[in-house]
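K.L.:
sequence and predicted structure below; questions after.
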Amino acid sequence: MLPIHLGENNHKYAELHAFIKHGGFIEIPENGHLTFHELLIACQASARNGQSTVLDFEFRHFDLSLIYVHDQYYGSLIDFKRLARIKNSHKIAKLGDIHFWHDFERYAAQHRLTIRTCTQTKKSRKAILDNGLRLIFHYSKVHDDFLISEITSRFGNKRMINSTLSPSSYMEMESIDFSIHEYLRHKGFFNLPAHKNSGFDDLLMKCSSKESHSAITGTILGFEFKNWLLEIFYDDSLALIGENLKFINRSSHSSKEEIIKEYEIHFWESFKLYAPQNDLQIIEICKDHDMIIAFLNTGANLHFQYQEEFDDYLISVIEGDGTPFRESYRRIYNH
């Protein structure tokens, strides 16, 4: 794991000072050698959208985001949204010299930072330094002061990320030699002929998202398709734990007929016809009012959840290698 200590010690902001002084994270001389791959491994979360990737690093009172386009560094951002949860202004002031606007003005003068332009309104203070760094302070009614909101390099503000990066896009299953039918037939992702030898590093560079933050244990690699999300789970040592495929109905207003027309696997009654037509055999069912879990002869499990609006059971999750979970499902549903 790459050691990134930016602001980790909340009473010593030497690295944060370097960020401000040099105009960004990679702009700091000591960080210039860090590669996209190293930072992708080290980050707590990542999201790829077309040719653009955002790497997120989570700290106690703020988040650092590094933005890459075509795997080349584009800019960095520090978001202080969690700082606003501290109600006591004195506690915030003790964390550093930049959190309130009047403190930052003194800080800039002390460290010979030139504020090139400054825009002031009743609700905000926006400053651009001569190195291109942009700082935004928003008025906080709780603190009766202008509290720092974000610091960005190379682009205007957090809202501009969405307009600068690629339009929303999803992966094509073919791009990683994947299909739902083969996933069911081969008992999971790592039994597919193209992925029997796929390792963590290889999948990390292909995935659309990565999560390894404080809210979860281990690491999750996500592959987001138009209507499905493939998730692969690793423990803290990056040993494989498991994987599943989640159905995503992106249009909450779709009719039952539209869902049937658009998706390969959808409602339970239709799947009972789909299975034999595709050389799949349903060998057992676990069921209650809210859920149907179908066990296939290949080892896959399919979860169908009852949807009141359709008065039917709609696919929710597929476990490619579901055999280890079957005894638990039997105890829960067949009592």
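P.N.:
That came in fine, so what should we check first?
K.L.:
contacts and neighbour counts: CA atoms only from here.
P.N.:
OK.
K.L.:
hey, where'd the helices end up in this structure?
P.N.:
14-22, 36-42, 89-95, 101-110, 158-164, 180-185, 200-206, 256-262, 268-277, 326-333 (DSSP state H).
K.L.:
ranking these by mean pLDDT, which is last?
P.N.:
Of all the helices of the chain, the minimum mean pLDDT falls on helix 158-164 (a mean of 57).
K.L.:
could I get the helices of the chain as JSON lines with mean neighbour count and distance to residue 133?
P.N.:
What follows is these, written out as JSON lines (neighbours: other CA atoms under 10 Å; distance: least, CA to CA, whole Å):
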{"stretch": "helix 14-22", "mean neighbour count": "19", "distance to residue 133": "7"}
{"stretch": "helix 36-42", "mean neighbour count": "17", "distance to residue 133": "21"}
{"stretch": "helix 89-95", "mean neighbour count": "14", "distance to residue 133": "21"}
{"stretch": "helix 101-110", "mean neighbour count": "15", "distance to residue 133": "12"}
{"stretch": "helix 158-164", "mean neighbour count": "12", "distance to residue 133": "13"}
{"stretch": "helix 180-185", "mean neighbour count": "19", "distance to residue 133": "46"}
{"stretch": "helix 200-206", "mean neighbour count": "15", "distance to residue 133": "30"}
{"stretch": "helix 256-262", "mean neighbour count": "12", "distance to residue 133": "47"}
{"stretch": "helix 268-277", "mean neighbour count": "14", "distance to residue 133": "55"}
{"stretch": "helix 326-333", "mean neighbour count": "13", "distance to residue 133": "55"}
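K.L.:
make TSV out of those and add distance to residue 241.
P.N.:
As requested, those are arranged in TSV below (distance: least, CA to CA, whole Å):
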stretch	distance to residue 241
helix 14-22	36
helix 36-42	18
helix 89-95	39
helix 101-110	47
helix 158-164	33
helix 180-185	17
helix 200-206	12
helix 256-262	32
helix 268-277	27
helix 326-333	16
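K.L.:
and residue 212, which of these is closest to it?
P.N.:
The stretch from the helices of the chain with the least distance to residue 212 (CA to CA) is helix 36-42; that distance is 9.1 Å.
K.L.:
quick check: which ranges of the stretch 201-335 of the chain have low pLDDT?
P.N.:
Segments of the stretch 201-335 of the chain classed as low confidence (criterion: pLDDT under 70) are 214, 251-253, 335.
K.L.:
one step back: which of the helices of the chain sits closest to residue 238?
P.N.:
When the helices of the chain are compared for distance to residue 238 using CA to CA, the nearest one is helix 200-206, at 7.4 Å.
K.L.:
which helices and strands sit right next to that closest one?
P.N.:
Helices and strands touching helix 200-206, as assessed by 3 or more CA pairs under 8 Å, 6 or more residues apart in numbering; DSSP states H and E, comprise helix 36-42.
K.L.:
what sits against residue 316?
P.N.:
Residue 316 sits next to 246, 247, 248, 302, 303, 304, 305 when contact means CA atoms under 8 Å, 6 or more residues apart in numbering.
K.L.:
for the second one, which residues make a bridge with it?
P.N.:
I take that to be residue 247. Note on residue 247: beta-bridge partners residue 228, judged by DSSP bridges.
K.L.:
number of nearby residues for it?
P.N.:
A total of 20 residues lie near residue 247 under the criterion other CA atoms under 10 Å.
K.L.:
that one against residue 305, yeah?
P.N.:
No: under the criterion of CA atoms under 8 Å, residue 247 is not in contact with residue 305, lying 10.9 Å apart.
K.L.:
what is in contact with the two at once?
P.N.:
When contacts are counted by CA under 8 Å, 6+ apart, residue 247 and residue 305 are jointly contacted by 315, 316.
K.L.:
I'd like the distance between residue 316 and residue 265.
P.N.:
Distance, residue 316 to residue 265, by CA to CA, to the nearest Å: 10 Å.
K.L.:
nope, residue 188 is what I was after
P.N.:
Noted for residue 188: a distance of 16 Å to residue 265, by CA to CA.
K.L.:
same drill for these two, tell me which one is more crowded.
P.N.:
More crowded of residue 188 and residue 265, by other CA under 10 Å: residue 188, with 24 against 18.
K.L.:
phi and psi next, for that one.
P.N.:
Dihedral angles phi and psi of residue 188 (degrees, to the nearest 10) take the values phi 110, psi 170.
K.L.:
dump the residue contacts of it.
P.N.:
The contact partners of residue 188, by CA under 8 Å, 6+ apart, come to 243, 244, 300, 319, 320, 321.
K.L.:
pull the most distant pair out of the contacts of residue 316.
P.N.:
For the contacts of residue 316, the farthest-apart pair by CA to CA is 248 and 302; their separation is 14.4 Å.
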